[in-house]
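# Next comes the sequence, and after it the predicted model I'd like to discuss.
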Number of protein chains: 2
Amino acid sequence: MRRRVIDKGQEIPTIVARMWGQEPKTSHGPRPSLTLDRITEAAIGIADAEGLAGVRMSSVAARLGVSPMALYGYVGSKEELLTAMVDAATPPPPEPGGQHWRDYLAAWSRAYRDFLLGSPWLLEVSPLAPPTGPRALDWLDRLLVALSGVGLKPGEGVNIATALSAYAVSSAALAHSLRGGADETDMAAPGDYGAILARLVDPARFPGLSAALGAGAFGGGQEWVEDADFTFGLGLLLDGIEALITLRAKEEQ
Amino acid sequence: MRRRVIDKGQEIPTIVARMWGQEPKTSHGPRPSLTLDRITEAAIGIADAEGLAGVRMSSVAARLGVSPMALYGYVGSKEELLTAMVDAATPPPPEPGGQHWRDYLAAWSRAYRDFLLGSPWLLEVSPLAPPTGPRALDWLDRLLVALSGVGLKPGEGVNIATALSAYAVSSAALAHSLRGGADETDMAAPGDYGAILARLVDPARFPGLSAALGAGAFGGGQEWVEDADFTFGLGLLLDGIEALITLRAKEEQ
DNA sequence: TCATATAGTGTAGAAGGTACAGTGTAAGGC
DNA sequence: GCCTTACACTGTACCTTCTACACTATATGA
């Protein structure tokens, strides 16, 4: 990474600064022909079309009409490019209107899951890393705003966001692999998950699991109603949150 | 993968069959000098000591005193090796005694999180893929057993397991990156997360987030009490589950 | 006009996964 | 007991992909 970026203090990682639009101010020398935005846009286009495996420094560069090494003026490594891609691909969160917090949280979680399912390559790029980009933080912020005024303690909103987004991520991952979305190379997640389990699971060693299989809990014969399952688990979380809010309200009195 | 494995039907992926101990029965020819178990053991040893990056086909082979290509007699690809490693590294779940379901679920979730934190390389190997190995399925089974008899519908136990393990995974991932555990190459998750956010977040655009930052929600000055946070979110989920169980019990009457 | 800092290129190297052909070894048929 | 056959493992070589380095070109300010 040759370019300097204006770190307000000193310790913001270069790529993070650039995700926030802090392009380096340069005098002297040729004008940069690219932007981090144009690069992530190209990379996202490839990932959407061919999957994450199609994203190579060379393929991204080719799409932009530059040499592969040109990208290293904007990005320190492929890792950093992936980080920037994730944020760039993140859509704006639903806006909190005057609705009840519970409705907003439900909409937020569902929208987040849908976003992940719409670009499944996101699931392969550590969707568990703490967000540092502005678009990802928009999601966190809107959720905190929606929860402001219900009487929670400072950190609790953040914890709630963590729990909800974790749930959205794992639901998306599950739905994606049950759809057979995990490509054929990923032998660990075949399409007929329930069928495979049924063949492997011995009732003596796995009493609980084989009972669940027998009841069709893995879509072993019934169609898999993924949205109903998502709603179910989401309801669990929201009920828990509601209980907490009620508790805090009582404490207030 | 040259060896044939006895697929009971036809469609179980070779590596899955082998994870279940179905080693191929061979007549004719030299005795295999390795086992999948010995291979995963070696690979896990490397991952624990040097991190996932240290796990190369060549390094694993070297540790076993074989040539790299020898591994391909047992594993179709490095991907498959990683899949097998995850299952092999999985410890047995807590045993459900006579305790209340809520206590067991809490212990289960905590144990699962601790397991992940004890071998952080697991977090880099898609901890979101549906389990297919026997050890991972032990965890699912024990949870279902603990929930049997509380009156839930068939699939609901599985959904609960999904939600809880998702929460454990994301908590582990968060705790790991806040510990600065994400190695220095991962610029997206630096040690001083709160400090960086504080520098980037503009109160006008991120009102909720900057309020939370001001209140020290990211350990911006206070110490980060990770276990308290874990317990908090877990409580949310368990409260939700409890509400559901109560509901189902009323329906029964 | 020149000095200088920067942007992008080309080439080459390194690392790592894996295909392929070959070598040796053990079981079973004659 | 020999020979065929199937299989385990080795060595080599290749391919892909990331990235370091030296170089060329370009635009600004003195």
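That came through fine.
# buried set for the strand or helix carrying A:Leu237?
Using DSSP states H and E, A:Leu237 sits in helix A:226-252. By 16 or more other Cβ atoms under 10 Å in any protein chain shown, the buried positions in helix A:226-252 come out as A:226, A:229-230, A:232-245. Backbone N, C-alpha and C define where each C-beta goes, glycine included.
# can you tell if it touches chain B?
Yes - Helix A:226-252 comes into contact with chain B (Cβ under 8 Å from any Cβ of the partner chain), by way of A:229, A:232-233, A:235-241, A:243-244.
# again with stretch A:68-88
Yes - Stretch A:68-88 lies within reach of chain B by Cβ under 8 Å from any Cβ, at A:76-77, A:79-80, A:83.
# and which of the residues of helix A:226-252 next to chain B is nearest A:Ala163?
Using Cβ to Cβ, A:Leu237 is the member of the residues of helix A:226-252 next to chain B that sits closest to A:Ala163, with 6.1 Å.
# With adjacent residues omitted, what lies nearest to the closest one?
B:Gly240 (5.6 Å; Cβ to Cβ, 6 or more residues apart in numbering or on different chains).
# show me what contacts the one you found?
A:235-240, A:243 (Cβ atoms under 8 Å, 6 or more residues apart in numbering or on different chains).
# Turn those into TSV, columns for pLDDT.
Converted to TSV, these look like this (pLDDT from 0 to 100):
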residue	pLDDT
A:Gly235	91
A:Leu236	87
A:Leu237	89
A:Leu238	94
A:Asp239	91
A:Gly240	90
A:Ala243	90
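# so which of those residues also contact DNA strand D?
Near DNA strand D, taking Cβ under 7 Å from any atom of the strand as the test, no member of the contacts of B:Gly240 is found.
# Going by distance to DNA strand C, which of the residues of helix A:226-252 next to chain B wins?
A:Asp229 (33.4 Å; Cβ to the nearest atom of the strand).
# give me the residue from the stretch 1-150 of chain A nearest chain B.
A:Leu144 (2.9 Å; Cβ to the nearest Cβ).
# ok, that residue to B:Val60 distance?
45 Å (Cβ to Cβ, to the nearest Å).
# Compare those two (neighbour count), which wins?
B:Val60 (27 against 24; other Cβ atoms under 10 Å in any protein chain shown).
# before we move on, back to that, just the buried residues out of the residues of stretch A:68-88 next to chain B, in ChimeraX syntax.
Selection of buried members from those for ChimeraX, criterion 16+ other Cβ under 10 Å:
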select /A:76,79,80,83
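# ok, which of the residues of stretch A:68-88 next to chain B also contact DNA strand D?
Within the residues of stretch A:68-88 next to chain B, those near DNA strand D by Cβ under 7 Å from any atom of the strand are A:77, A:79.
# closest to B:Ala89 among the residues of stretch A:68-88 next to chain B?
A:Glu79 (24.5 Å).
# what pLDDT, on average, does stretch A:95-105 get?
Averaged over stretch A:95-105, pLDDT sits at 94.
# Over to stretch A:210-230?
73.
# Tell me the residues on chain A that lie near DNA strand D, please.
So chain A meets DNA strand D at A:27-31, A:53, A:55-58, A:68-69, A:72, A:77-79 (Cβ under 7 Å from any atom of the strand).
# Show the buried residues in those residues.
So, by 16+ other Cβ under 10 Å, the buried ones in those are A:55, A:57, A:72, A:79.
# For my notes, please list those in CSV and give pLDDT and secondary structure for each entry.
As requested, these are exported to CSV (pLDDT from 0 to 100; DSSP: H, G, I helix; E, B strand; the rest coil):
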residue, pLDDT, secondary structure
A:Val55, 98, coil
A:Met57, 98, helix
A:Tyr72, 98, helix
A:Glu79, 95, helix
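# Those residues: which two are farthest apart?
A:Val55 and A:Tyr72 (15.3 Å).
# Report pLDDT for A:Ser148.
93.
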